[in-house]
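Asker: Need the 3D shape of this:
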Amino acid sequence: MPLTTFAGPSLAEFEAARLVVTEVTQPTPMETSRFLGSILGSPVFLKCENLQRTGSYKLRGAYNRLSKLTAEERSHGVVAASAGNHAQGVALAARELGIKATIYMPLGVALPKLEATRDYGAEVVLEGHIFNESLAAAIEMAERTGAMFIPPFDHADIIAGQGTLGLEILDEIPDVDTIIVAIGGGGLISGVASAVKQKAALLGRTVRIIGVQAENAAAYPPSLAAGHAVTIDVHPTIADGIAVAKPGLQNFDIIKDAVDEVVTVSEDDTARAMLMLMERAKMVVEPAGAVSVAAILAGKVTDAGKTVAILSGGNIDPLVLQRIVAHGLAASERYLKLRIMLPDRPGQLARTAQIVSDANANVVEVLHTRHGRGLQIGEAELELHIETRGKEHRQLVVKRLRDEGFKVRISDDI
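Answerer: Alright, predicted model coming up:
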């Protein structure tokens with residue numbers, strides 16, 4: 001079978017990048033997920049790039065790009081803009097290669113990401129309230145000082161470095177049928193798709209590549225429909241690591257030919273996936289890294305055969321993780337928030353608590369007030385946060401309370 005080629009790096013360039021990248025990266029585990037396999041109806045494996053150095057795949061592309069710099073270019077240092085994983089990848093790559101790195105980050109960047117970037121040896125400049133302001137400042141510094149700007153995804157060396165992950169997957173699961181990959185700007189999936197498809201063609205095989213975007217930041221579906229990269233309005237998403245308004249131009253040229261399908265997942269889908277990964281796989285995965293699993297749970301992937309879902313990153317602020325876990329429990333119908341109207345007289349709180357207890361549910365938070373809007377004199381409102389075991393158990397708890405005459409409203413405001 002003739003070798004398949006795509007715009008961007010050749011298979012030889014991916015193989016060369018692999019030799020470079022192994023100087024600093026480590027092979028990440030490939031774990032079996034029987035739970036996801038039972039949902040998909042075929043074997044599912046998790047490629048745990050969340051356990052990579054710096055906590056994501058970004059180190060691969062950053063190190064490959066920096067390794068190509070000349071001595072003259074290295075002497076001026078490098079500069080990048082990032083709110084997270086790219087920052088850490090560039091910082092560690094620069095440290096390993098003895099290059100001064102300056103990273104521009106937004107003022108509100110999560111503290112763990114800020115501290116990790118500094119710990120890897122980079123100088124961090126907090127500039128701007130949003131990423132685009134940090135990006136503009138980084139580009140201005142590069143033009144002013146001669147430092148080399150390191151883009152997060154739209155560069156052939158970055159793409160070649162990220163594609164080394166695809167070659168690693170083929171080593172571990174040579175007969176893989178489908179690989180599911182998150183998409184932001186497109187650096188990871190363009191590298192993985194091109195490297196895998198070129199290598200698979202040599203073996204006389206085909207591998208299906210499915211990309212996943214957060215539905216609130218999905219630039220690729222309209223871009224692929226239009227035949228060229230288009231800019232979208234990005235809405236708030238927990239998967240901020242893949243919230244990119246416009247595809248990378250080099251990435252898009254590869255993706256339109258090498259990626260078989262692009263699907264989107266909701267915020268609830270992603271939160272459920274993160275919760276499932278913690279409970280079933282014992283993996284802490286950031287939202288952007290969990291969208292591949294979210295696509296399986298949401299039924300967006302079918303007829304997949306032997307499947308690898310890439311967990312692309314694990315860097316998440318613990319405070320954000322706490323909120324997302326609560327959201328995931330609610331999305332999985334295992335967390336119930338109720339508002340109950342009560343007569344304002346002694347014993348009503350104890351009575352509701354006993355009903356919930358008798359239904360084998362657990363109250364985790366209580367708010368009792370006489371001052372809510374719409375309350376009459378002599379009434380109080382009770383807000384209960386309850387742990388349940390799923391949809392049927394939720395319904396039972398609500399039914400028991402209503403059967404006892406309480407006015408119960410279910411709130412989705414978790």
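
Asker: any idea how far the residue positioned nearest the centre of the chain lies from T164?
Answerer: Geometric centre of the chain, nearest residue: A288, 0.9 Å, by Cα atoms, centre = their mean. Separation of A288 from T164 (Cβ to Cβ, to the nearest Å) stands at 19 Å. Yep, even glycine has a C-beta here, placed from its N, CA and C like the rest.

Asker: Setting the sequence-adjacent residues aside, check what's closest to A142.
Answerer: Leaving aside its sequence neighbours, A142 sits nearest to F149 (Cβ to Cβ, 6 or more residues apart in numbering; 4.0 Å).

Asker: Look at the one you found and say how many residues are nearby.
Answerer: Counted by other Cβ atoms under 10 Å, the residues lying close to F149 total 16.

Asker: V181 is in contact with the residue nearest to the centre of the chain, correct?
Answerer: No. Using Cβ atoms under 8 Å, A288 makes no contact with V181, being 11.1 Å away.

Asker: Overlap of the contact sets of the two?
Answerer: Residues touching both A288 and V181 (Cβ atoms under 8 Å, 6 or more residues apart in numbering): S312.

Asker: before we move on, the earlier item: distance of the residue nearest to A142 relative to L51?
Answerer: 29 Å.

Asker: next helix or strand past the helix or strand that contains E73?
Answerer: For E73, the host element (DSSP states H and E) is helix 71-75. The helix or strand immediately downstream of helix 71-75 is strand 78-81, counting by DSSP H and E.

Asker: Please give the centre-to-centre distance between that following strand and its chain.
Answerer: 22 Å (Cα atoms, centre = their mean, to the nearest Å).

Asker: Other residues contacting it?
Answerer: Contacts to strand 78-81, defined as Cβ under 8 Å, 6+ apart, come from residues 66, 69, 86-87, 90, 94, 99-105, 131, 134-135, 137-139, 141-142, 145, 147-152.

Asker: Who are the packing partners of the next helix or strand after it?
Answerer: Once the chain leaves strand 78-81, the next helix or strand it forms, by DSSP H and E, is helix 85-97. When contacts are defined as 3 or more Cβ pairs under 8 Å, 6 or more residues apart in numbering; DSSP states H and E, helix 85-97 sits against helix 58-67, strand 78-81, strand 101-105, helix 111-119.

Asker: relative to helix 85-97, how tilted is the first one?
Answerer: Yep, that's helix 58-67 we're talking about. Angle, helix 58-67 to helix 85-97, by axes from the mean of the first three to the mean of the last three Cα atoms, to 10 degrees: 50 degrees.

Asker: Name the spans of the protein whose pLDDT lies under the cut-off.
Answerer: Scanning the chain for pLDDT under 70 picks out 1-4, 370-378, 412-414.

Asker: count of residues packed around R402?
Answerer: Considering only other Cβ under 10 Å, R402 is surrounded by 12 other residues.

Asker: just checking, it touches L396?
Answerer: No. Contact criterion Cβ under 8 Å: R402 and L396 do not qualify, at 10.9 Å.

Asker: element containing the residue nearest to I183 when sequence neighbours are not counted, please.
Answerer: Excluding its sequence neighbours, the residue lying closest to I183 (Cβ to Cβ, 6+ apart) is G211, at 4.2 Å. Under the criterion of DSSP H and E, G211 resides in strand 208-214.

Asker: and that strand, how far from the chain's centre?
Answerer: That offset, for strand 208-214, works out to 12 Å (Cα atoms, centre = their mean).

Asker: now do stretch 5-17
Answerer: When distances are taken as Cα atoms, centre = their mean, stretch 5-17 is centred 26 Å away from the chain's centroid.

Asker: now swap in stretch 164-171 and tell me
Answerer: The answer for stretch 164-171 is 20 Å, by Cα atoms, centre = their mean.

Asker: With stretch 385-399 instead?
Answerer: Computed by Cα atoms, centre = their mean, the separation of stretch 385-399 from the middle of its chain amounts to 29 Å.

Asker: Stretch 279-290 now?
Answerer: That offset, for stretch 279-290, works out to 9 Å (Cα atoms, centre = their mean).

Asker: For it, which residues meet the burial criterion?
Answerer: For stretch 279-290, the buried set under the neighbour-count rule, 16 or more other Cβ atoms under 10 Å, comprises A281, M283, V284, V285, E286, P287, A288, G289, A290.

Asker: Stretch 252-259 now?
Answerer: Using 16+ other Cβ under 10 Å as the test for burial, stretch 252-259 gives F252, D253, I254, I255, K256, A258, V259.

Asker: from those, which is closest to Y335?
Answerer: V259 (35.7 Å; Cβ to Cβ).

Asker: tell me the contacts of that closest one?
Answerer: I189, S190, A193, I209, I210, G211.

Asker: Recalculate using a threshold of 6 Å.
Answerer: By Cβ atoms under 6 Å, 6 or more residues apart in numbering, V259 lies in contact with A193, I209, G211.

Asker: what helix or strand is the first one on?
Answerer: Take DSSP H and E as the rule and A193 turns out to sit in helix 187-202.

Asker: How about H228?
Answerer: Using DSSP H and E, H228 sits in no helix or strand.

Asker: Would you check how far apart A193 and S266 are?
Answerer: From A193 over to S266 (counting by Cβ to Cβ), the distance is 24 Å.

Asker: between those two, who's got more neighbours?
Answerer: Using other Cβ under 10 Å as the criterion, A193 and S266 rank with A193 on top: 30 against 15.

Asker: if I pick that one, what's in contact with it?
Answerer: By Cβ under 6 Å, 6+ apart, the contact list for A193 reads I209, A258, V259.
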